[in-house]
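# Have a look; sequence and predicted model below, questions after that.
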Amino acid sequence: MKIKKVTCHWLSAPVERPFTSSRGWLYTTRNTCLVEIETDDGVVGWGECYGPSAVARSFIETQLGSQIIGRDPFDVEVIWEHLYNRIKDYGQTGMAIAAISGIDIALWDIIGKVCGKPVHKLIGGAFRSEVQAYATGLYFIDMDKVIEESVEEAEKFVAEGFRAIKMKIGLGSHKKDIQRVAAVREAIGPDVRLMVDANHCYSVPNAIRLGRMLEEFDIDWFEEPISPEDVDGYVEVTRALDMAVAGGENDFTRWGFRDKIVRKAMDIVQPDVCAAGGLTECKKIAALAATHGVECVPHAWGSAVGLSATIHFLASLPDQPPCLMPQPVLLEFEQEENPFRDFLAVDPIVQTGGVVPVPQGPGLGIEIDREIIAKYRVA
């Protein structure tokens, strides 16, 4: 079996209710870059690249795709090392690694389909048959109603069965952030887990000050309080707060995570399988984290392809730490409008009572609806 063809599909769809976070980027469209790899005997695997779709597609079409034609897809780690070393001079992080990630996921999908096994069986087995999902939402939509809208959305998530919610903060005022978090906590009650995500908008002293104020609301973790480049700053924030500090969605490969893990600059690392190097590399990142007593809770933002790959990855992670009554691993289930999450798979990935089953079909365990690709493809 050899790889015959690599195709990138850039998909884009308008958003009816634009939303933003503390970074100030207004999301008016949802985009994704899907990677389709076909073998000479007709097996097709699907992957996804995180980040700007046009850039990922360009990397694959001009730099990476031709490098894997004629190769055995089962040589997935050999291919990973070849691609990484080929672009190492200019692509140790960022979109070059996101492009490799999409290829890597597609190869695992092929391997699973050929073997008739789900991906989690091929990357170590499943420690669980289902994962607990948390709803990511509560972005900023109407700036005159940031509290009212957040309460309404949080109550909706609880009514839908979610037992954990992550909300956005970073309104430029500690008072406004605290008012918003307090209102959400009161609305959802004490038994629903609550996390906050600042999208790295604070300085170190402001993150520490706000974090201490947030602790009274029983926050599970404070995500991306400061800029991802500031490892020393993360150490300061993490040491200063009693609640967990999380980050890493903007980091790439085991080398990008190494210092943050070894120095315990954060309590929870959040590699994205569609960005950090695919399933092959994220397993290594998770092993590195476990070695140093750091939790691994992956970031997820994208289509049904990336979501399925993330679920397989989570299924393969041991309890952190192993114990009689372990804290459940958490799947980020982003809830803003996204047709590629909801309709790309013939059988959509859904949660019931805050729980998502681990796919048991071969490969990623999903069937792609090509009509959705045709409808939203960017020429």
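It's in.
# what ranges do the helices span in the stretch 101-250 of the chain?
Secondary structure of the stretch 101-250 of the chain (DSSP state H, counting those that start in this stretch): helices located at 119-122, 146-159, 174-188, 204-214, 231-240.
# Just send these back as TSV, with distance to L64 too.
Placement of C-beta: from N, CA and C, glycine included. TSV is the format used below for those (distance: least, CB to CB, whole Å):
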stretch	distance to L64
helix 119-122	21
helix 146-159	38
helix 174-188	41
helix 204-214	37
helix 231-240	29
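# Let's have these in JSON lines, adding distance to E223 and mean neighbour count.
Formatted as JSON lines, these follow (distance: least, CB to CB, whole Å; neighbours: other CB atoms under 10 Å):
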{"stretch": "helix 119-122", "distance to E223": "26", "mean neighbour count": "23"}
{"stretch": "helix 146-159", "distance to E223": "16", "mean neighbour count": "17"}
{"stretch": "helix 174-188", "distance to E223": "13", "mean neighbour count": "17"}
{"stretch": "helix 204-214", "distance to E223": "11", "mean neighbour count": "18"}
{"stretch": "helix 231-240", "distance to E223": "12", "mean neighbour count": "18"}
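# any chance of those helices in JSON lines, with mean pLDDT and distance to H82 too?
Output for these, formatted as JSON lines (pLDDT from 0 to 100; distance: least, CB to CB, whole Å):
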{"stretch": "helix 119-122", "mean pLDDT": "98", "distance to H82": "20"}
{"stretch": "helix 146-159", "mean pLDDT": "98", "distance to H82": "43"}
{"stretch": "helix 174-188", "mean pLDDT": "97", "distance to H82": "46"}
{"stretch": "helix 204-214", "mean pLDDT": "98", "distance to H82": "40"}
{"stretch": "helix 231-240", "mean pLDDT": "98", "distance to H82": "30"}
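# among those, which is nearest A106?
Of all the helices of the stretch 101-250 of the chain, helix 119-122 sits nearest to A106, with 11.1 Å by CB to CB.
# Tell me which residues are up against the closest one.
108-109, 111-112, 115, 126, 279, 309, 312-313, 315-316, 358, 363-365 (CB atoms under 8 Å, 6 or more residues apart in numbering).
# roughly how far is the longest strand along the chain from the heart of the chain?
The longest strand of the chain (DSSP state E) is strand 3-19. Computed by CA atoms, centre = their mean, to the nearest Å, the chain-centroid distance of strand 3-19 equals 17 Å.
# which helices and strands sit right next to it?
strand 27-39, helix 53-59, helix 65-68, helix 339-342, helix 370-376 (3 or more CB pairs under 8 Å, 6 or more residues apart in numbering; DSSP states H and E).
# Mind putting those into CSV with mean neighbour count, distance to Q320 and mean pLDDT?
Shown next, in CSV, are the helices and strands packed on strand 3-19 (neighbours: other CB atoms under 10 Å; distance: least, CB to CB, whole Å; pLDDT from 0 to 100):
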stretch, mean neighbour count, distance to Q320, mean pLDDT
strand 27-39, 21, 29, 97
helix 53-59, 21, 30, 97
helix 65-68, 18, 34, 98
helix 339-342, 20, 26, 97
helix 370-376, 15, 35, 98
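# Looking at the ones you listed, which is nearest to N250?
helix 53-59 (15.1 Å).
# what does that closest one contact?
Contacts of helix 53-59 (CB under 8 Å, 6+ apart): 8, 10-12, 31-33, 49-50, 87, 91, 95-96, 98-99, 102, 378.
# Using ChimeraX, define a selection of the buried residues within the contacts of helix 119-122.
Entered in ChimeraX, the line below selects the buried ones among these, by 16 or more other CB atoms under 10 Å:
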select :108,109,111,112,126,279,309,312,313,315,316,358,363,364,365
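# and which of the contacts of helix 119-122 is nearest R17?
Nearest member of the contacts of helix 119-122 to R17, counting by CB to CB, is A309, at 27.3 Å.
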